[in-house]
Structures are given as C-alpha cells and as structure tokens.
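Undergrad: Sharing a model prediction with you, sequence too.
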Amino acid sequence: MKLYAESCEQNREPILEVLQTYLSDRQKVLEIGSGTGQHAIYFASHLPHLVWLTSDLPASHAGINAWLDEAALSNVNRPLALDVTKTEWPSVDVDAVFSANTAHIISWSAVEKMFSGVGRLLKAGGIFCLYGPFNYGGEYTSDSNAQFDVWLKSRDPNSAIRDFEALNRLAIDHGMSLENDHVMPANNRFLAWCKQ
C-alpha cells in the first residue's frame, strides 16, 4: 500500500537544493528512515548520477516498494532492513548518508547509535546530511517548534526535538566535523558533517 506524507511534498524542493551541493560528486547514498519512500523517488529522479539506497524497519518496506514500483527508477534500490539501534548494519559501500525527520522521532539512545553507525559506515571524506527541527543553546527556534515538541512527547515520551550542540558532539565523537548548518523553511535545518 502506497503511503503519502504531506511534509515530504512540502520540504522536498528546498532539501534537494541543498542536497545537490553535497551529493554532486557522490556515487552512492544510504537514506536512513526512508519512511513512505517519497523522498527517495524525488531525490533520485533529480540526481540520476547517484545510486540511492533506501532503508527502514521492515514494517515500512511495502510502502516504500509501492513508490519504487510506480516510479521504476533504475538508480533506487529496494529497501534495506535497518534498525539503527542494532550493532549490525547492512554491509554497504556508500560515500554519503542522508536522513530526514528521524532524530526527533527516535529515542536519544537510538540517535546516539545512529551517529555511531554512520561514523563506522563512512570512509574519510564521506558526508552525513541530517534534516529536521533542532534546538540551539537549549532553546526552541520558534513557537511552532515548541508546540511540535509538546506533541511529540505526548505521543512518545522518548521523542523530542534534539539540541544541535548534542548532535554535533556525537558527530565529533564519531570522527565527523561540521561542514555547514543551513537554515531551511518551516523552522527546520539541514546539517552536514564530513568524516575525517
């Protein structure tokens, strides 16, 4: 069954604009948490030089495959089973990792394991791009983000908008340094780290 997320339609163009900066010279990208599959199809169709590896928990695979079947793109792979909390990740050779709207949905311990996994996966020069809402100095960047955080915690106490500083510390701990922090529409950001 093909699922649809309105947010994917709304944010895909601004994300693509920034993604192109980092993926123009890349060959293979792993998307962590492909969700519905909409982002994968849109980005891969606009970045035909790339092989796009989708991944998510197995429960999401049918929905992702429905989008892949319809789009019939030769540069998007079938979804890999990836649980960021597991030590064993799929064995893939990629030079970039992308994830959108995941860090605030999963628990903090899962975020830590995601950064650890990305740090292990990427070789020197590899790029990690993370999109979503983030706090700075422990403060919300907007009233809407503050309201969104209340909603997140009401549906799952382990989820929350994460602090940029804590995420950057994780990146540093796993051998990555911040390349840039892009301001995005709707009070979101696009963070990019490079593996050293």
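TA: Looks like it came in fine.
Undergrad: can you pull out the helices in this structure?
TA: 6-23, 38-46, 61-71, 108-121, 143-155, 164-173 (DSSP state H).
Undergrad: now those in TSV, with mean pLDDT and mean neighbour count?
TA: All C-beta spots, glycine's among them, are computed from the backbone N, C-alpha and C. Converted to TSV, the helices of the chain look like this (pLDDT from 0 to 100; neighbours: other CB atoms under 10 Å):
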stretch	mean pLDDT	mean neighbour count
helix 6-23	95	16
helix 38-46	98	21
helix 61-71	97	17
helix 108-121	98	19
helix 143-155	97	13
helix 164-173	98	17
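Undergrad: Select, out of those, the one closest to Leu130.
TA: helix 164-173 (7.3 Å; CB to CB).
Undergrad: what about Ala81, how many residues close to it?
TA: A count of nearby residues for Ala81, using other CB atoms under 10 Å, gives 14.
Undergrad: Centroid-nearest residue for the chain?
TA: Computing the C-alpha centroid of the chain and ranking residues by CA atoms, centre = their mean puts Ser99 first, at 0.6 Å.
Undergrad: And for it, nearest residue in space, chain neighbours not counted?
TA: Nearest residue to Ser99, sequence neighbours excluded (CB to CB, 6 or more residues apart in numbering): Ile32, at 4.1 Å.
Undergrad: Next: Val51.
TA: Lys28 (4.6 Å).
Undergrad: Then Lys86?
TA: Per CB to CB, 6+ apart, closest to Lys86 is Lys113, 7.9 Å.
Undergrad: residue with max distance from the center of the protein?
TA: Asp143 (23.6 Å).
Undergrad: Distance check, that residue against Ser154.
TA: 17 Å (CB to CB, to the nearest Å).
Undergrad: Please apply the same query to Met176.
TA: Distance from Met176 to Ser154, by CB to CB: 32 Å.
Undergrad: Check Ser24 too.
TA: Taking CB to CB, one finds Ser24 at 41 Å from Ser154.
Undergrad: now swap in Ala103 and tell me
TA: Ala103 is 18 Å from Ser154, by CB to CB.
Undergrad: thinking again about what came up before, quick one: contacts for the residue nearest to Lys86?
TA: By CB atoms under 8 Å, 6 or more residues apart in numbering, the residues touching Lys113 are Val84, Thr85, Lys86.
Undergrad: next one: Ser60
TA: Contacts of Ser60 by CB under 8 Å, 6+ apart are Ser34, Gly35, Thr36, Pro79.
Undergrad: what sits against the last one?
TA: Going by CB under 8 Å, 6+ apart, Pro79 touches Ser34, Gly37, Thr54, Ser55, Asp56, Ser60, His61, Ile64, Asn65.
Undergrad: What number of residues are in the vicinity of the third one?
TA: Thr54 is surrounded by 27 other residues when neighbours are defined as other CB under 10 Å.
Undergrad: That one against Ile64, yeah?
TA: Yes: using CB atoms under 8 Å, Thr54 makes contact with Ile64 at a distance of 5.4 Å.
Undergrad: residues bridging contact with these two, i.e. touching both?
TA: In contact with both Thr54 and Ile64: Ser34, Gly37, Ala40, Pro79, using CB under 8 Å, 6+ apart.
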